[in-house]
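**Q** test case, fold it:
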Amino acid sequence: MKNSAIRNPRSVIRKSVLWSGLLLGLLTYGCQTAILHGLSEQEANQVIAVLQQQGIIATKQIDNPEANTWKVTVPRRDAVKVWGVLQEYRLPSPPVRRFKDVFGKGKLVVTPMEEKALFLEALQGEIAHTLESVAGVISARVHVVIPEPDITGQVQGEAKASVMMEYRPDPAGQAPLRPDEVQRLVANAVQGLKPENVAVVMKPIQMAPPQQTYDMVSFGPIVVARPSLATLKIATVIIVLTLLFMGGLFFWQGRVLAQLRGELAAAQRQLRAIQKPPKQAA
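**A** Now for the predicted structure:
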């Protein structure tokens, strides 16, 4: 095994460089961990904005190019804190089916009852999506009830709706929407629905105050927080010195092996000269 390594120093160098690159990749990858997968770009940007407000360095990377989904990565040491922040901010928002999701895939509707149920589901999703698009609204749930006509064709009762909304109060402690604004918005979205028939429950959510954020700086192709720049520079210097040392070691090893080969070849020539029988006189 030792003789084969001496005879083929290139394989030793190749393996050493391969292991060095693998170690460097593991060190780089081990510092980050993916916490969310399959997000839209808008959802990923929203998560990153919230995390950076809490002093957590977060980045997004493409997760599935075909589906155009993204993943969010954070430092491994902040993973536990990140989950607490995401739960507090209700992120990422649970998927809500809208008209494009319910009726945009060519689904065959079997009965009018199923068609109405799908319509209500999509309508509720659209209203909830509109409410959640207001700055400060964390989540919204909407339920709409439309009475069915009886056998005579007369509609008994009135349309009703209920809204459950969680919001983040502004510095003055106010909600982003007033209950009467929510009532008018929902009533105008549902035919025959009166604002007074919309029940609104609004729940304030106390969020953790924003913590210290860091300026992001570039170090070559890498973007890091300013406090981590010194550590990155030190790690880069150590890696460069290690690679230079290994390169010098490989160069010295090659010189030694070449010298040994030369000495071995000279010794073999001398040995053949000694062992060569003397020529006989004619």
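**Q** after the helix or strand harbouring Glu43, next one along is what?
**A** For Glu43, the element it lies in under DSSP states H and E is helix 41-53. Sequence-wise, the next helix or strand downstream of helix 41-53 (DSSP H and E) is strand 59-64.
**Q** and that following strand, what other elements does it pack with?
**A** Applying 3 or more CB pairs under 8 Å, 6 or more residues apart in numbering; DSSP states H and E, one finds that strand 59-64 contacts strand 32-39, helix 41-53, strand 69-75. No exception for glycine: its C-beta is placed from N, CA and C like everyone else's.
**Q** repeat that with 6 Å
**A** Secondary-structure packing of strand 59-64 (3 or more CB pairs under 6 Å, 6 or more residues apart in numbering; DSSP states H and E): strand 69-75.
**Q** show me what the strand it packs on is packed up against.
**A** Applying 3+ CB pairs under 6 Å, 6+ apart, we find strand 69-75 packed against strand 32-39, helix 41-53, strand 59-64.
**Q** list the buried residues of the second one.
**A** It stands for helix 41-53. Glu43, Ala44, Gln46, Val47, Ile48, Val50, Leu51, Gln52, Gln53 (16 or more other CB atoms under 10 Å).
**Q** dump those residues to a markdown table, plus pLDDT.
**A** Shown next, in a markdown table, are the buried residues of helix 41-53 (pLDDT from 0 to 100):
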| residue | pLDDT |
| --- | --- |
| Glu43 | 85 |
| Ala44 | 89 |
| Gln46 | 84 |
| Val47 | 89 |
| Ile48 | 89 |
| Val50 | 85 |
| Leu51 | 87 |
| Gln52 | 83 |
| Gln53 | 81 |
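**Q** could you dump the residues you listed to a markdown table with distance to Glu121?
**A** Output for the buried residues of helix 41-53, formatted as a markdown table (distance: CB to CB, whole Å):
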| residue | distance to Glu121 |
| --- | --- |
| Glu43 | 21 |
| Ala44 | 26 |
| Gln46 | 24 |
| Val47 | 26 |
| Ile48 | 31 |
| Val50 | 28 |
| Leu51 | 32 |
| Gln52 | 35 |
| Gln53 | 34 |
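**Q** just want the angle from the helix holding Glu43 to strand 32-39.
**A** 140 degrees (axes from the mean of the first three to the mean of the last three CA atoms, to 10 degrees).
**Q** summarise which helices and strands helix 41-53 is packed against.
**A** Helix 41-53 makes packing contacts with strand 69-75 when contacts are defined by 3+ CB pairs under 6 Å, 6+ apart.
**Q** can you give me the angle the strand it packs on makes with strand 59-64?
**A** Using the same axes, to 10 degrees, one finds that strand 69-75 and strand 59-64 are set 140 degrees apart in direction.
**Q** after strand 69-75, which helix or strand is next?
**A** Sequence-wise, the next helix or strand downstream of strand 69-75 (DSSP H and E) is helix 79-88.
**Q** what lies in contact with that next one?
**A** Applying CB atoms under 6 Å, 6 or more residues apart in numbering, the external contacts of helix 79-88 come out as Thr33, Ile35, Gln54, Val74.
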